[in-house]
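Enquirer: Quick one: sequence plus predicted model below, questions after.
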Amino acid sequence: MKITIAIDGPAGAGKSTVAKILADKLGLLYIDTGAMYRAATWLALQEHINLEDGESLAEALCHKDLRLESPEESAGGRIRVFLNDHEITDAIRGKEVSDRVSTVAAQKMVRKVLVEQQRKLARGRSAVLDGRDIGTVVLPDADLKIFLTASAEERARRRVKDLEGLGEKESYDDVLRAIIERDKQDSTRQEAPLVKAADAVEVDTDGLTIEEVVNKIADLCKNGKGGRKDQ
């Protein structure tokens, strides 16, 4: 039985962590689309490409080998990300990229290149994809759509902890302001804005452990909320 699961939601809701563990639990391919946009942002910064020049950045991406690989234990469970065999797994998680990725993700030409790559990766496979427009744009026919969310305050606390793990210090108040601003950018951008798909199941992660969230989504699959038995 083939099944595709789309997990969307705002920054810091835990999409990538939940999607990776869910994929492992169900034996599915995990495609970290957010890491792909972060990689594009990192590339723009490295090559001094204007973040709003989507055409130039899309052209640069077409000449790079963007590759995702399964994580090693030493990578903290993160999908490993490479550009032309240069690993940028940790580099794309820093504050500089985080503060700018929304601008890059709003560029139509960048999205066109990366969305096609995402669809190609998922084609004909059972997979879990997470992002902000998976259920609405990338895989509108996904078998199960989840909208993962959490309060801005809870997401800010998680982000501060993540930054500390990367050796970066940032105040809670600054992170909270950044998250609120990013939510506004993501939900109001012209190209593929962050919206909950009409047929998505909303899962609020406030007060829940990662394991509880994963189990809740896995139960939705088991209870027939997703999956096409004819495939």
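Expert: Good, I have the coordinates.

Enquirer: Tell me the pLDDT of the residue positioned nearest the centre of the chain.
Expert: Here the mean C-alpha position of the chain is nearest to the C-alpha of residue 34 (CA atoms, centre = their mean), at a distance of 3.1 Å. On the pLDDT scale, residue 34 is placed at 89.

Enquirer: which residues in this protein form strands?
Expert: Taking DSSP state E as the criterion, the chain carries its strands at 4-8, 29-32, 66-69, 80-83, 86-87, 127-131, 144-149, 201-204.

Enquirer: Just send the ones you listed back as CSV, with mean neighbour count too.
Expert: C-beta coordinates here come from the backbone N, C-alpha and C atoms, glycine included. Shown next, in CSV, are the strands of the chain (neighbours: other CB atoms under 10 Å):
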stretch, mean neighbour count
strand 4-8, 28
strand 29-32, 22
strand 66-69, 16
strand 80-83, 19
strand 86-87, 12
strand 127-131, 28
strand 144-149, 24
strand 201-204, 16
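
Enquirer: can you put those in CSV and add distance to residue 117?
Expert: Formatted as CSV, those follow (distance: least, CB to CB, whole Å):
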stretch, distance to residue 117
strand 4-8, 16
strand 29-32, 9
strand 66-69, 7
strand 80-83, 13
strand 86-87, 18
strand 127-131, 11
strand 144-149, 20
strand 201-204, 26
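
Enquirer: Please name whichever of these is nearest to residue 109.
Expert: Distance to residue 109, taken as CB to CB, is lowest for strand 66-69 among those, at 15.1 Å.

Enquirer: Just the C-alphas of the closest one, formatted as CSV.
Expert: What follows is strand 66-69, C-alpha atoms only, in CSV (Å, rounded to 0.1, in the frame of the first residue of the first chain):
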residue,chain,number,x,y,z
LEU,A,66,21.6,19.5,-3.9
ARG,A,67,21.4,16.2,-2.1
LEU,A,68,19.7,14.9,1.0
GLU,A,69,21.0,11.8,2.8
